[in-house]
Each structure stands twice: as structure tokens, then as C-alpha cells.
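# This is the structure alone, sequence omitted:
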Ligand code: GLN
């Protein structure tokens, strides 16, 4: 009741939600109460949460931030939705997002932009801007998100909270509307890494319905609800990649973290990730190419928006897609189709895949020397609404510190880390595959 009231109070200015499921959540809360009364509740029973509107929810609208799916009600639950429901969590609604998760500012949503909780004229980040703003403004204690190139970490940084993109394959993509399938990964927003770990324990795990989900069940993860967060090795070796720091004009907040880490007995080492600057171009080729094929299913025939009175099949496809998709989605479909077309495939897609391998190799090399990497999450704090909207390439550059871990499939977490001009800043921890257990940042920085 408390969070439903908070959502209603803040929605007119925040616009963090696309759907609020009042009746469904009250029913689920009553069921959770009954379970707790019978002593059958688990660690998460009755905890309110919200899903990014990219996760299919049985009987509740799933729009993906698009006109194309504005009336789409999925006939089933995504595995993530099912898992958290089974753990007893109560879903209060679906959060706003950039259309089909394409964007870094939440200004590409067909349902309007979302306000940054610290400053209403600034963006909350994207694409999971609704989830980040909802948690950052106290409308919900925890929310899901998806991260293809930074869509959990960058909005977490802009809203002053914690966001985790798990290792690719850790969380099932079944029922998560696809953007770029080799990069998409579900994850979480909360105030602390400990809260995230607790929910991740129920959300993650092998799913036979997702062929890229990993068949491993790390004990630390499955036992979090009973045994808590694992202890950290006391003396971590933490790498600071030179390429990331050189790309920043001001690293005061990270210098402070470095000082704290050393004081606590961790070792900080400067390391090199030489292929970093090729990450953005490679990402936007791979992500666009995969998006162009994934989004071909929205043809006005099977599901999604259909235009009125089509004159022919061609007209049906053309008008349904022209009316249903927004500008950024069209840009990705066009550039992606171009990159995959005969004669250009070798020059763009194949090259991008080779760069992806080089970037992965950079990470494998540094993780022979260090346990974790510390980097900025984004080039600066949340920018003003409208500032980058007319300049897609400048918008894409916002992702330069988050995209490399996505290309390599590695887990990465953004933690709150100081302020600049009254707006929060984030720092990113990147770890080796399946080592989310090292990202308990409260323990790492001694809180
Ligand atoms: N901002 C990036 C993009 O627009 C990342 C999006 C995401 O992670 N879903 O593609």
C-alpha cells in the first residue's frame, strides 16, 4: 500500500511507470501475507518490486516502450517474472523504458520521457530509465532492468543507485523482448549490492527455454537466501584501466575510491585494455544488425500494431512499421540491415565481430593480473533533457565505458560514487565471468 501510494503521488512528475497493476499486486500481497502467517514465506515473500516493460507478464500489458506493442498482452510470463513471483515477490507494475531498449536517456519511449529523481530537467539514463528512477525516488525498493550495452549501469549511475548486469547467460532471456540477443541480459536495480544479490539468487539460474542460459548453479548464488552474501577475499587486486581514465576530464570521485581501497588493504594497479576505443563502433554494428533481424517479426500480421485498411501486403508491412516504430528504432533497423547486406557484411559485421574478440581478449589478459576492474560508469552525471537528442552519435558515446563488458559478456555493477553539480556519479566494477560474488561493493569499499 505504501509503495502504491508513492507511485501514484510521484507518477505525474516522474513518469517512471507505464502500467501500475493495483489489483494484481494487492491480490499477490494478500497471498504473501497468508504465506507469512502460515510460516511458509521465504526471504523475498511480500517484497514489492517492478519489472521493466520488456519482460512479458501474463495478463498485464507489455509495451517495450513502443507504439508497436501498445496493446500487447503476453499469454505467458517471462522466466524472470515467473522466478521472482515463485519467490513470493509482489510486482506492482511495469516501468517506462526507451523503445525496444534502444537509448541512453529514456527519451525514446512512446510513453514519454522519465524525470531524473535528483533533478526533473535531467534524464534518468536509459534504456531502463523508469526502473532506475522508480528505485532512486523511493517508489519501489527493487526493480528489474535489461542491459545490452549499459542500460542498467548508466541509469543506475544517473539516479544514484546500484545496478548489476550479470554475466551473459546467468539470467534467462525467455520472455524478455529481444533487442540484440547476443548482448541482452536481465539484471537488477536496488540501493545496495546486498539487496541485488538477494534477489539475484531467485532470479538467476539455468533455463531450458533459453539456449544461451548457462547450465551452472554456483553454490554462493543458490544459497544466498539462507546464508547471506559470501565473504570477500580481504586483499583484492583492483585494476584501473588507463584508457577509461584518460577519456575522463575529471576523475576526482574515482581517485577518492582508489584512496579508500588502498587504505582498506586492497591493491590498485594501472592496467591496459588497448582495444577499448573500438568498442562503440563495434557495438553499434553488432547491436543494430541483431536488432534488424529481431524486429522483423513486427510486421503487422502476427502481432503488434497493424495499419488501417491496407491496400496490399506491401502496404500493410510498410505502413504498420512506419506507424509503429519510433525514429531511433528505425535508424537501428536501417543501419543494421545495411551492415548485414551482401557486399557490406565483410566490411562491417565481420569486422565488428573480430573487434569483439579482441576486446574479450583484452579482458582475459587483465584478469590474469587482477580480480576486478574499477572504471567510471559514464562520462559524466545525468545530462539535461534534450541535450543530446538531436545528435545520435554523441548519445552513443555515452555508452563508451559500459559497452566493452557487454561485448565480452562479463558481469558489471554500477555503484553510487559521489556527486557533481548536485547530481550523482557512478563507478563501475567489472569482474571475470560468473564472479558477481566479488561485486559486493559495500564490502569492497568497507561499508
Ligand atoms: N544505450 C545503448 C543502446 O542504445 C544500450 C542500450 C541497452 O543496453 N539496452 O543501444
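Nice, I can see it. No experiment lies behind these values; they were computed from the predicted model shown.
# okay, CA-based contacts and neighbour counts for the rest of this
Noted.
# Taking the chain centroid, which residue in the chain is the extreme one?
If you look at how far each residue of the chain sits from its centre, by Cα atoms, centre = their mean, the farthest one is residue 311, at 40.2 Å.
# From the ligand, how far off is that residue?
For residue 311, the distance to the ligand (Cα to the nearest ligand atom, to the nearest Å) stands at 34 Å.
# How much space separates that residue from residue 320?
According to Cα to Cα, to the nearest Å, residue 311 and residue 320 sit 12 Å apart.
# cool, and residue 347?
31 Å.
# neighbour count winner among those two?
residue 320 (22 against 11; other Cα atoms under 10 Å).
# Contact residues of this protein facing the ligand?
101, 102, 103, 104, 127, 147, 148, 149, 150, 151, 399 (Cα under 6 Å from any ligand atom).
# Chain neighbours aside, what residue packs nearest to the fourth one?
Excluding its sequence neighbours, the residue lying closest to residue 104 (Cα to Cα, 6 or more residues apart in numbering) is residue 126, at 3.9 Å.
# Equivalent analysis for the first one, please.
Of all residues beyond its chain neighbours, the one nearest residue 101 is residue 127 (5.0 Å), with distances taken as Cα to Cα, 6+ apart.
# what do you get for the last one?
Once flanking residues are discounted, residue 399 sits nearest to residue 150: 6.3 Å by Cα to Cα, 6+ apart.
# can you count the residues close to the nearest residue to residue 171 once chain neighbours are set aside?
Leaving aside its chain neighbours, residue 171 sits nearest to residue 204 (4.5 Å; criterion: Cα to Cα, 6+ apart). Using other Cα under 10 Å, residue 204 is surrounded by 24 other residues.
# Over to residue 204: give its phi and psi.
Main-chain dihedrals, residue 204, degrees, to the nearest 10: phi -80, psi 170.
# Please determine how far it is located from residue 412.
Taking Cα to Cα, one finds residue 204 at 15 Å from residue 412.
# for the chain, what spans make up the strands?
In the chain, the segments counted as strands under DSSP state E are 17-20, 48-52, 90-95, 143-147, 162-165, 185-190, 237-241, 267-271, 372-376, 412-420, 423-430.
# Kindly spell out which helices and strands sit in contact with the helix or strand of the chain with the lowest mean pLDDT.
Each helix and strand of the chain was given a mean pLDDT (mean pLDDT, DSSP states H and E); the minimum falls on helix 224-227 at a mean of 86. For helix 224-227, the packing partners by 3 or more Cα pairs under 8 Å, 6 or more residues apart in numbering; DSSP states H and E come out as helix 193-203.
# Packing partners of the helix it packs on?
helix 79-86, strand 162-165, strand 185-190, helix 219-222, helix 224-227, helix 441-444.
# And the contacts of it?
44, 80, 83-84, 87, 142, 162-164, 171, 187-190, 221-225, 228-229, 439-442 (Cα atoms under 8 Å, 6 or more residues apart in numbering).
# Are any of those buried, and if so which?
The neighbour-count criterion (16 or more other Cα atoms under 10 Å) marks 44, 80, 83-84, 87, 142, 162-164, 171, 187-190, 221-222, 224-225, 229, 439-441 among the contacts of helix 193-203 as buried.
# Can you redo the residues of the chain next to the ligand as a markdown table, where the extra columns are neighbour count, distance to residue 20 and pLDDT?
Output for the residues of the chain next to the ligand, formatted as a markdown table (neighbours: other Cα atoms under 10 Å; distance: Cα to Cα, whole Å; pLDDT from 0 to 100):
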| residue | neighbour count | distance to residue 20 | pLDDT |
| --- | --- | --- | --- |
| 101 | 32 | 20 | 98 |
| 102 | 27 | 23 | 98 |
| 103 | 28 | 23 | 98 |
| 104 | 29 | 24 | 98 |
| 127 | 35 | 19 | 98 |
| 147 | 27 | 23 | 98 |
| 148 | 28 | 25 | 98 |
| 149 | 32 | 27 | 98 |
| 150 | 34 | 26 | 98 |
| 151 | 34 | 22 | 98 |
| 399 | 23 | 30 | 96 |
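# which non-adjacent residue is nearest the residue of the stretch 151-300 of the chain found nearest the ligand?
Residue of the stretch 151-300 of the chain nearest the ligand, by Cα to the nearest ligand atom: residue 151 (3.6 Å). Leaving aside its sequence neighbours, residue 151 sits nearest to residue 127 (Cα to Cα, 6+ apart; 4.8 Å).
# thought the one you found was touching residue 114?
No: with contacts counted by Cα atoms under 8 Å, residue 127 stays clear of residue 114, the gap being 10.5 Å.
# list residues touching both of the two?
Residues touching both residue 127 and residue 114 by Cα under 8 Å, 6+ apart: residue 106.
# follow-up on the earlier one: of the helices and strands packed on helix 193-203, which shows the lowest average pLDDT?
Comparing mean pLDDT over the helices and strands packed on helix 193-203, the weakest stretch is helix 224-227, at a mean of 86.
# hmm, who's touching that helix?
For helix 224-227, using Cα under 8 Å, 6+ apart, the contacting residues are 42, 43, 197, 198, 201, 230.
# try it again with 7 Å
43, 198, 201 (Cα atoms under 7 Å, 6 or more residues apart in numbering).
# Could you pick out the buried ones from those residues?
198, 201.
# Sort out which residues of stretch 286-296 are buried, please.
Of all the residues in stretch 286-296, those buried under the rule 16+ other Cα under 10 Å are 286, 287, 288, 289, 290, 291, 292, 293, 294, 295.
# Same check on stretch 45-61?
Applying a neighbour-count criterion of 16+ other Cα under 10 Å, one finds 45-57, 60-61 buried in stretch 45-61.
# and the two most separated of the buried residues of stretch 286-296?
Spanning the widest gap among the buried residues of stretch 286-296 are 286 and 295, at 14.1 Å by Cα to Cα.
# Now find how far off-centre stretch 361-381 is within its chain.
Averaging C-alpha positions (Cα atoms, centre = their mean, to the nearest Å) puts stretch 361-381 18 Å from its chain's average.
# I should have written stretch 126-137 there, sorry.
10 Å.
# what's it in contact with?
Here stretch 126-137 has contacts from 16-17, 52, 95-98, 101-106, 114, 116-117, 124, 140-146, 151-152, 154-156, 159-161, 189-190, using Cα under 7 Å, 6+ apart.
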